[in-house]
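> Here is a sequence with its predicted model. Questions after.
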Amino acid sequence: MKVFPFKIPKSGEDPLIYQEDIEVSFYDKLHQHEEIQISFIEKGEGAVFAGDTISQYHEGDILVIGSNLPHVFRSDVQENVISVMRTLFFTFNSFGKDFFELSTFRNIHPILESSKNGFIIHNAPKKVVKYFKKLKKADSYTRFILFLDIMKWLSTSETTPLSNYLYQKKITDNEGKRMQIVFEYVMTNFHKNITLDEIASIASMTKNAFCRYFKVRTNKSFFQFLIEVRIERAAKLLSNNEELSVLEIAELCGFNNISNFNRKFKELKQLSPLQYRKLNL
């Protein structure tokens, strides 16, 4: 299957597509699609890479991923644990090209605009969880009403962006495959000492060419991205593994200098590792 683009399976002419993923691991290839995606994480946790940023998702979260925003899920695979995601897909023109321009829907314009960078909402309330759980058995009319209820709720909710930068050009299949290879290598080997020579070789590029390539598409250096991956993993360990010391977590995440780890963690999380652990345990 090509990494870019990804075609959402459609059933008939229904403009609103419902999809249910029940897997050990969510689809883990970097991809993009025309449709805006609204996903409820019913079970499971892991990381999502969208645009230029990696973020953690947990059970009960809702993610909104904009049209053609490159993204990939990385589920935390555990024995005998299944991940479940309920998703709605639609485009700006699904209900007619002027549908969202009607004054009735003025309040959801900010949500459509924010979707371009993607966003996440943590701990959806029970009433919204019920909306998503009703989608599977709903007929087309009822599903559309549930969609409007979800959009109304999204318009009043506090959101956290998934991405800070949008690469404006369509990414080719070859570019997508290359980014997928780089992403997979980093997610598997972030705890090791990854050199520029090594990652450029993985991408089949010279060092200078790779640095330019990566910076143009993510608006950050490769090593900044690597640090962010390591810090996100450290944050997860701090929250879920009280028996591990901060020093042990730093080493497990690829930092061989505790002072550097503390400094980078505070730069990205605005808290020290100990403060973060105290708030999230």
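Happy to help now that I have it. It should be emphasised that the depicted structure is a prediction, and the values quoted were computed from it without experimental measurement.
> quick one, strands of the chain?
17-23, 36-43, 46-50, 53-57, 62-65, 71-75, 83-90, 119-121, 160-161 (DSSP state E).
> Now do the third one: distance to the chain's middle.
It refers to strand 46-50. Distance, stretch centre to chain centre, for strand 46-50: 4 Å (CA atoms, centre = their mean, to the nearest Å).
> Kindly report the same for the shortest one.
The gap between the average C-alpha position of strand 160-161 and the chain average comes to 10 Å, counting by CA atoms, centre = their mean.
> Which neighbours in the sheet does that strand have, and how are they oriented?
Strand 160-161 has the following strand partners under DSSP bridges: strand 119-121 (antiparallel).
> Pull out the buried positions in the partner strand.
For strand 119-121, a neighbour-count test (16 or more other CB atoms under 10 Å) marks 119-121 as buried. The way it works is simple: take the backbone N, C-alpha and C, and place the C-beta from them, glycine included.
> ok, back up a step: winner for burial among the strands of the chain?
Of the strands of the chain, the one with the most neighbours on average (mean count of other CB atoms under 10 Å) is strand 62-65, at a mean of 24.
> which residues are contacting that one?
Strand 62-65 is contacted from outside by 36-41, 48, 50, 57, 71, 111, 114-115, 118-121, 124, 128, 154, 159, 162, using CB atoms under 8 Å, 6 or more residues apart in numbering.
> Paired strands for it, with orientation please.
Strand pairing for strand 62-65, determined by DSSP bridges: strand 36-43 (antiparallel), strand 119-121 (antiparallel).
> Please save the CA atoms from it in CSV.
The C-alpha trace of strand 62-65 is given here as CSV (Å, rounded to 0.1, in the frame of the first residue of the first chain):
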residue,chain,number,x,y,z
ILE,A,62,-10.5,12.7,20.9
LEU,A,63,-8.2,13.6,18.1
VAL,A,64,-9.1,15.8,15.1
ILE,A,65,-6.8,15.5,12.1
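> Distance from the chain centre to it, please.
Worked out by CA atoms, centre = their mean, strand 62-65 lies 8 Å from the chain centre.
> Quick one: mean pLDDT for it?
For strand 62-65, the mean pLDDT works out to 97.
> residue contacts, the closest residue to Phe92 other than its chain neighbours?
Counting by CB to CB, 6 or more residues apart in numbering, Phe100 is the residue found nearest to Phe92 once chain neighbours are left out, at 6.5 Å. By CB under 8 Å, 6+ apart, the residues touching Phe100 are 92, 108-109, 112.
> and with 10 Å instead?
Contacts for Phe100 (CB atoms under 10 Å, 6 or more residues apart in numbering) come out as 92-94, 106, 108-109, 111-112, 151.
> Quick one, which of those residues are buried?
The buried subset of the contacts of Phe100 - by 16+ other CB under 10 Å - is 92, 94, 108, 111-112, 151.
> Kindly reformat the contacts of Phe100 as a markdown table containing pLDDT and distance to Leu238.
Output for the contacts of Phe100, formatted as a markdown table (pLDDT from 0 to 100; distance: CB to CB, whole Å):
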| residue | pLDDT | distance to Leu238 |
| --- | --- | --- |
| Phe92 | 90 | 40 |
| Asn93 | 90 | 44 |
| Ser94 | 91 | 41 |
| Arg106 | 86 | 42 |
| Ile108 | 90 | 36 |
| His109 | 90 | 38 |
| Ile111 | 92 | 32 |
| Leu112 | 92 | 35 |
| Met151 | 95 | 35 |
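> so which of those comes closest to Tyr18?
Ser94 (12.7 Å; CB to CB).
> Can you tell me, leaving aside adjacent residues, what's nearest to the closest one?
Distances taken as CB to CB, 6+ apart put Pro15 closest to Ser94, at 3.8 Å, once the chain neighbours are dropped.
> State the pLDDT value of the one you found.
Value listed for Pro15 in the pLDDT field: 88.
> Just to check, it is in contact with Ser140?
Yes - because the distance of 9.0 Å satisfies CB atoms under 10 Å, Pro15 is recorded as touching Ser140.
> which of the two has more neighbours?
Of the pair Pro15 and Ser140, Pro15 is the one with more neighbours under other CB atoms under 10 Å, namely 15 against 12.
> list the contacts for that one?
Going by CB under 10 Å, 6+ apart, Pro15 touches 89-91, 93-96, 99, 140, 144.
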